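**Student:** Quick one, what's the 3D model for this:
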Amino acid sequence: MPDHAALLVQAGAALARSGLVTAFGHVSVRTGDDSFVISPPVPLNRFGAGDVMAVSLADAGLPPGVPKEAWIHRELYASRPDVQAVCRAQPKVTTALSSAEVTIRPLHGQGAFLGDCVPVHPDSRLVRDQQSGRALAQSLRGDAVIMRGNGAVTVGPTVAHAVALMWVLEASAELNAAAAAAGTPTPLPPDEQEAWRAVAPELLTRIWHHLIDKEHSQ
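**Tutor:** Numbers count the residues shown, from 1 in each chain. Model (predicted):
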């Protein structure tokens, strides 16, 4: 049986070290068809396995003490049975491009993991109720969605892949910003995008190991 709590601690530390979160952010993993565990409402490098909190999809509301934006996770798990993990972060360049109405497109291989373009949820307000959570879930057409002026959400079949995809999103945003400053960004052609998506599971796992290995190199 996987140690979900330890995995969330590891994920939180990796996100913090990579500069993908500041004082805010959360990560969760599904523990059953109708349940998940989520990091507590503290900076992601400041909690331990005993602080992880359980949430049931069967309950009408959220349990006391969980992040108020746990509605994001709850509604994504409820609407997407394929989603096993959710990552909520504040990647800086990604957020800046959404505010400038610049669409993030796949300019390099890993960028293709995010689809032909990354959708932007138009509402910048905090997601603190069920209706807002459902609206965000509807904006998520693939595995990543940007919240205009308010960070991003990535999902995956594992915590590792959800976290790695957040790193890929920010890397892709940085390339899009640099390319736009230098000239006209040209996305990869569809056949090349598909070829890259075919190897996404392998490469996302490698990115995850890169992110968690930073802990031992510092």
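**Student:** in stretch 63-73, what's buried?
**Tutor:** Of the residues in stretch 63-73, 66, 67, 69, 70, 71, 72, 73 count as buried by neighbour count, 16 or more other CB atoms under 10 Å. In this view, the C-beta of every residue, glycine as well, is placed from N, C-alpha and C.
**Student:** correction: stretch 71-89
**Tutor:** Quick answer for stretch 71-89 (16+ other CB under 10 Å): 71-77, 83-89.
**Student:** cool, and stretch 12-31?
**Tutor:** 12-18, 20-21, 24-31.
**Student:** Do a quick rundown of the helices in the protein.
**Tutor:** Taking DSSP state H as the test, the helices found in the chain are 4-17, 70-79, 92-99, 130-139, 159-182, 190-198, 200-217.
**Student:** closest one to residue 116 among these?
**Tutor:** Taking CB to CB, helix 190-198 is the member of these nearest to residue 116, at 7.0 Å.
**Student:** who's in contact with the residue nearest the centre of the chain?
**Tutor:** With distances taken as CA atoms, centre = their mean, residue 154 lies nearest the centre of the chain, 2.6 Å away. By CB atoms under 8 Å, 6 or more residues apart in numbering, the residues touching residue 154 are 86, 87, 89, 143, 144, 162, 163, 165, 166, 169.
**Student:** coming back round to it: could you dump the buried residues of stretch 71-89 to TSV with distance to residue 109 and pLDDT?
**Tutor:** Listed next are the buried residues of stretch 71-89 as TSV, based on distance: CB to CB, whole Å; pLDDT from 0 to 100:
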residue	distance to residue 109	pLDDT
71	34	98
72	28	99
73	29	99
74	33	98
75	31	98
76	26	99
77	30	99
83	24	98
84	24	99
85	23	99
86	25	99
87	21	99
88	25	99
89	22	99
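**Student:** ok, these vs residue 181, which is closest?
**Tutor:** Using CB to CB, the buried residues of stretch 71-89 come closest to residue 181 at residue 89, 23.9 Å.
**Student:** Isn't the closest one up against residue 21?
**Tutor:** Yes. Contact criterion CB atoms under 8 Å: residue 89 and residue 21 qualify, at 4.9 Å.
**Student:** Go ahead and name everything in contact with the helix or strand bottoming out on mean pLDDT in the chain.
**Tutor:** One helix or strand of the chain scores below all others by mean pLDDT, DSSP states H and E: helix 200-217, with a mean of 89. Residues from elsewhere that reach helix 200-217 (CB under 8 Å, 6+ apart): 10, 13-14, 17-18, 110, 112-113, 156, 160-161, 163-165, 167-168.
**Student:** Can you name the two of these that sit furthest apart?
**Tutor:** 13 and 112 (27.8 Å).
**Student:** okay, and for this protein, where does confidence drop off?
**Tutor:** Counting by pLDDT under 70, the chain contains low-confidence ranges at 1, 215-218.
**Student:** again, 50 this time
**Tutor:** By pLDDT under 50, the low-scoring segments of the chain are 1.
**Student:** partner strands of the lengthiest strand in the chain, parallel or antiparallel?
**Tutor:** Assignment by DSSP state E gives strand 26-32 as the longest strand of the chain. Here strand 26-32 has these sheet partners by DSSP bridges: strand 35-38 (antiparallel), strand 85-89 (antiparallel).
**Student:** list the contacts for residue 186?
**Tutor:** Residues 107, 179 are the ones in contact with residue 186 under the rule CB under 8 Å, 6+ apart.
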